[in-house]
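Trainee: Predicted model and sequence below, questions to follow.
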Amino acid sequence: MHTIRDLVKLLRCTKCDSQTLHLKNAHKLVCKKCNTSYAIKNGIPIFLPSPEIAEKKPQISIFEKYINHYDAWFEKPKGKILFINEVKAIKELIEYKTYEKSIEIGVGTGRFAQALHIKYGIDPSFSALLLAKKRGINVVQGIAEKLPFKSEIFEIAFIIVTICYVQDPLMTLVEAHRVLKKNGLLVIGYIEKESPWGKAYLMKKKRGHVFYKPARFFSFNEIKDLLYKAKFEILKVVSTLNRLPQEKPTLEKPIEGYKKDCGFIAILAQKVPIKSKFLDLL
Ligand SMILES: [Zn+2]
């Protein structure tokens, strides 16, 4: 784990985008340019656009309220196996490599970050972050659409079962693109809308299930379109959760490529440089 001083070196002001954040004391960061101050609570810098956002937005407030319930799911027999399968799919995608400069956007309670050795995490839910911090992740509270990180500092970014909860999926990918180094990698893991799993979750959403009600599910084509718009090129795809949601889950070997019957799809994409107008004229 890094010290707060090391973490601050990677951050920038979300109000004026300048890289002039100064650690005033253990509880406060101040932007030297625009004078905005950011609180640090339990060693976690807070970059929420407004303090009320965590209470008002249902996709954040459910995690604040039911975080222990959510985190306990991973310990249940079914949750455990599904989690192992999902982690295995992502590990295969990145060929079991670990990266020093890695971030999970929507780190939640840090389950995936811990299993995949991801060093940094951001999430709007403070109660989730307290758990992620305990799991050894360097965390910041903020939103995916406005990352408080400097540009071009990460080798790889992960967005795992998070794209369904963000307010603006395209802006989330645009921001991931910004914080990635040249040729940086992006891993997206999501629940496929067209699969039996996606359909089962949609039913739960309609019935008002606490975690699925605020979720918005995506199909492979929709994700592909978002990646293209945000200037990412797909390198590899793997699919897992090949059994039906009502069946007893078993440990699975991830299948290469996109399989529409699989509930969990993981995509590895690479940052494509944004051409300047000048280059377009050549
Ligand atoms: Zn500022």
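Mentor: Received it, and whenever you're ready, just let me know what you need.

Trainee: from here on, contacts and neighbour counts on C-alpha atoms
Mentor: Fine.

Trainee: how close does the residue nearest in space to the middle of the chain sit to the ion?
Mentor: In the chain, the residue lying closest to the centroid (CA atoms, centre = their mean) is residue 105, at 2.7 Å. Using CA to the ion, to the nearest Å, we find residue 105 at a distance of 22 Å from the ion.

Trainee: Show me what the longest strand that the chain contains is packed up against.
Mentor: Assignment by DSSP state E gives strand 180-191 as the longest strand of the chain. For strand 180-191, the packing partners by 3 or more CA pairs under 8 Å, 6 or more residues apart in numbering; DSSP states H and E come out as strand 154-160, strand 264-271.

Trainee: Export the last one to CSV, keeping only CA atoms.
Mentor: Backbone C-alpha positions of strand 264-271 (Å, rounded to 0.1, in the frame of the first residue of the first chain) are rendered in CSV as follows:
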residue,chain,number,x,y,z
PHE,A,264,-20.0,-13.0,-18.5
ILE,A,265,-18.0,-11.5,-21.4
ALA,A,266,-14.5,-10.0,-20.9
ILE,A,267,-12.9,-7.8,-23.5
LEU,A,268,-9.3,-6.7,-23.8
ALA,A,269,-8.9,-3.5,-25.8
GLN,A,270,-6.1,-1.1,-26.5
LYS,A,271,-6.0,2.7,-26.5
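
Trainee: for that strand, what is the average pLDDT?
Mentor: Mean per-residue pLDDT for strand 264-271: 98.

Trainee: which secondary structure elements does that strand contact?
Mentor: helix 77-93, strand 180-191, strand 232-240.

Trainee: Paired strands for the last one, with orientation please.
Mentor: Right, strand 232-240. strand 255-256 (antiparallel), strand 264-271 (antiparallel) (DSSP bridges).

Trainee: Just want the angle from the longest one to strand 154-160.
Mentor: So the one you mean is strand 264-271. Computed by axes from the mean of the first three to the mean of the last three CA atoms, to 10 degrees, the angle separating strand 264-271 from strand 154-160 equals 150 degrees.

Trainee: Residue 25: neighbour count?
Mentor: 10 (other CA atoms under 10 Å).

Trainee: Quick check: which of the helices and strands packed on strand 264-271 is buried the most?
Mentor: Comparing those by mean neighbour count (mean count of other CA atoms under 10 Å), strand 180-191 comes out on top with a mean of 22.

Trainee: Can I get it as CSV, trimmed to CA atoms?
Mentor: Output of strand 180-191 as CSV, limited to C-alpha atoms (Å, rounded to 0.1, in the frame of the first residue of the first chain):
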residue,chain,number,x,y,z
LEU,A,180,-4.1,5.4,-19.9
LYS,A,181,-0.5,5.6,-21.2
LYS,A,182,0.2,5.4,-24.9
ASN,A,183,-0.9,1.9,-26.1
GLY,A,184,-2.5,1.3,-22.7
LEU,A,185,-4.9,-1.6,-22.1
LEU,A,186,-8.5,-1.7,-21.0
VAL,A,187,-10.3,-4.7,-19.7
ILE,A,188,-14.1,-4.6,-19.6
GLY,A,189,-16.0,-7.4,-18.0
TYR,A,190,-19.8,-7.2,-18.1
ILE,A,191,-23.0,-9.3,-17.9
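
Trainee: Show me how far that strand is from its chain's centre.
Mentor: Relative to its chain's centre, strand 180-191 lies at 10 Å (CA atoms, centre = their mean, to the nearest Å).

Trainee: do stretch 194-201 as well
Mentor: 21 Å.

Trainee: now do stretch 117-127
Mentor: In terms of CA atoms, centre = their mean, the centre of stretch 117-127 is found 8 Å from the chain centre.

Trainee: And for stretch 25-37?
Mentor: Chain-centre distance of stretch 25-37: 26 Å, with CA atoms, centre = their mean.
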